[in-house]
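A.B. asks: Pasting a predicted model and its sequence here:
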Amino acid sequence: MTLVVADRAGLAAARATFTGRVGVVMTMGALHPGHASLLRAARSANDHVLATIFVNPLQFGPAEDLDRYPRTLDADLDLCRAEGVDAVFTPTVDVIYPVTPSVRIDPGPTGDILDGASRPGHFSGMLTVVHKLLRLTAADRAYFGEKDYQQLALIRQMVRDLDMGVEIVGVPTVREPDGLALSSRNRFLSPAERDRALSLSRALRACPSGTAEEILAAAGNELKDVDLDYLALTDPLLGPVGTGPARLLVAARVGTTRLIDNAPVEVQ
């Protein structure tokens, strides 16, 4: 039985019935098998699982696709039920933001690079709602996908820096059989654009181990048919790359759809 609650009182009442460990999966809806993998990870390690479905306006810029973002609540709830979620929190904007917040989370320097450089204010809005939802759900663990790697890194940093006492669990990216990373925005791709989008995952696989120059050159060679935003090689914490484990990250527009992806690599 999956309980659906839309206000703070309903969430608090549901949360009060839970005993033991509680895991939360925060989403903006339009759920797909990648989200299902997060729910399964939470289900396997906790006594209760909460999901949240909320399209957060604070993390969309003025020229971005807030109104276009897909909303599929009935299908989302069906997926949550199938994955054994105990409760789903589906608030409106007025429930999360009774007034427009004048105090927001500052992501620091890591929020100004990569996606932060292309989407000013995005990570401040994301961290603000994650902070609020962690407080409202009082979860012990929160699960986020590695596909949004910079988001995951910043959430971990916020939780650590603000002593929030929540365990942040990263879950590997789920891909289509041909390598395309699952994303709610994939539905906006035409068949021809989807074929072009495969160049992102090919770029990440082009040189999994080598010098920094070799890795970037091999990846760049695969990115000829997209409008590249960035291709970056960093250490696992998004700092300057050295030798050893690293992260290769890419963002590009395919048609009107902006896609991101990343993968671990080894720098020699």
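C.D. replies: Thanks, I have the structure now.
A.B. asks: any chance you could map the strands in this protein?
C.D. replies: Ranges of strands within the chain are 3-5, 22-27, 48-53, 87-89, 141-145, 167-171, 209-210, 227-234, 244-254, 257-267, based on DSSP state E.
A.B. asks: Would you reformat these as CSV and include distance to residue 160 and mean pLDDT?
C.D. replies: Just so you know, the C-beta spots here come from the backbone N, C-alpha and C atoms, and that holds for glycine as well. Formatted as CSV, these follow (distance: least, C-beta to C-beta, whole Å; pLDDT from 0 to 100):
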stretch, distance to residue 160, mean pLDDT
strand 3-5, 30, 98
strand 22-27, 18, 98
strand 48-53, 22, 98
strand 87-89, 25, 98
strand 141-145, 13, 98
strand 167-171, 9, 98
strand 209-210, 30, 98
strand 227-234, 18, 98
strand 244-254, 18, 98
strand 257-267, 21, 97
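A.B. asks: now for the ones you listed, which one comes closest to residue 200?
C.D. replies: Residue 200 sits nearest to strand 257-267 of all the strands of the chain, at 4.6 Å, using C-beta to C-beta.
A.B. asks: Residue 84 contacts residue 43, correct?
C.D. replies: Yes: applying C-beta atoms under 8 Å, one finds residue 84 in contact with residue 43, separated by 5.5 Å.
A.B. asks: So those two - more neighbours on which side?
C.D. replies: Neighbours per residue, other C-beta atoms under 10 Å: of residue 84 and residue 43, the larger number sits with residue 43, 18 against 14.
A.B. asks: ok, residue 56 - how many residues close by?
C.D. replies: Residue 56 has 20 neighbouring residues, counting by other C-beta under 10 Å.
A.B. asks: Please name the nearest non-neighbouring residue to residue 93.
C.D. replies: Leaving out its chain neighbours, the residue that sits closest to residue 93 by C-beta to C-beta, 6 or more residues apart in numbering is residue 57, at 6.1 Å.
A.B. asks: Tell me how far the one you found lies from residue 29.
C.D. replies: Distance, residue 57 to residue 29, using C-beta to C-beta, to the nearest Å: 13 Å.
A.B. asks: wait, residue 107 sits on residue 125?
C.D. replies: No: counting by C-beta under 8 Å, residue 107 stays clear of residue 125, with 9.7 Å between them.
A.B. asks: more neighbours, the two?
C.D. replies: Higher neighbour count among residue 107 and residue 125: residue 107, with 24 against 20, using other C-beta under 10 Å.
A.B. asks: what sits against the more buried one?
C.D. replies: 116, 123, 124, 127, 154, 157, 158 (C-beta atoms under 8 Å, 6 or more residues apart in numbering).
A.B. asks: who touches the closest residue to residue 119 other than its chain neighbours in this structure?
C.D. replies: Leaving aside its chain neighbours, residue 119 sits nearest to residue 61 (5.7 Å; criterion: C-beta to C-beta, 6+ apart). Contacts here follow C-beta under 8 Å, 6+ apart; on that basis residue 61 touches 119, 120, 121, 122.
A.B. asks: Now stretch 97-113: average pLDDT?
C.D. replies: For stretch 97-113, the mean per-residue pLDDT is 96.
A.B. asks: First-to-last residue distance for that stretch?
C.D. replies: 27 Å (C-alpha to C-alpha, to the nearest Å).
A.B. asks: cool, and stretch 204-221?
C.D. replies: One end of stretch 204-221 sits 11 Å from the other (C-alpha to C-alpha).
A.B. asks: that older thread, which residues are common contacts for residue 84 and residue 43?
C.D. replies: Joint contacts of residue 84 and residue 43 (C-beta under 8 Å, 6+ apart) are residue 49.
A.B. asks: Spit out the contact partners of residue 143.
C.D. replies: Residues in contact with residue 143 (C-beta under 8 Å, 6+ apart) are 23, 24, 25, 38, 39, 41, 42, 169, 171.
A.B. asks: By neighbours, which of those residues wins?
C.D. replies: Using other C-beta under 10 Å as the neighbour test, these are led by residue 25, with 31 neighbours.
A.B. asks: Do me a favour and get the backbone dihedrals for the residue sitting nearest the centre point of the chain.
C.D. replies: Nearest to the mean C-alpha position of the chain, by C-alpha atoms, centre = their mean, lies residue 148 at 4.1 Å. Backbone torsions of residue 148, given as degrees, to the nearest 10, read phi -90, psi 70.
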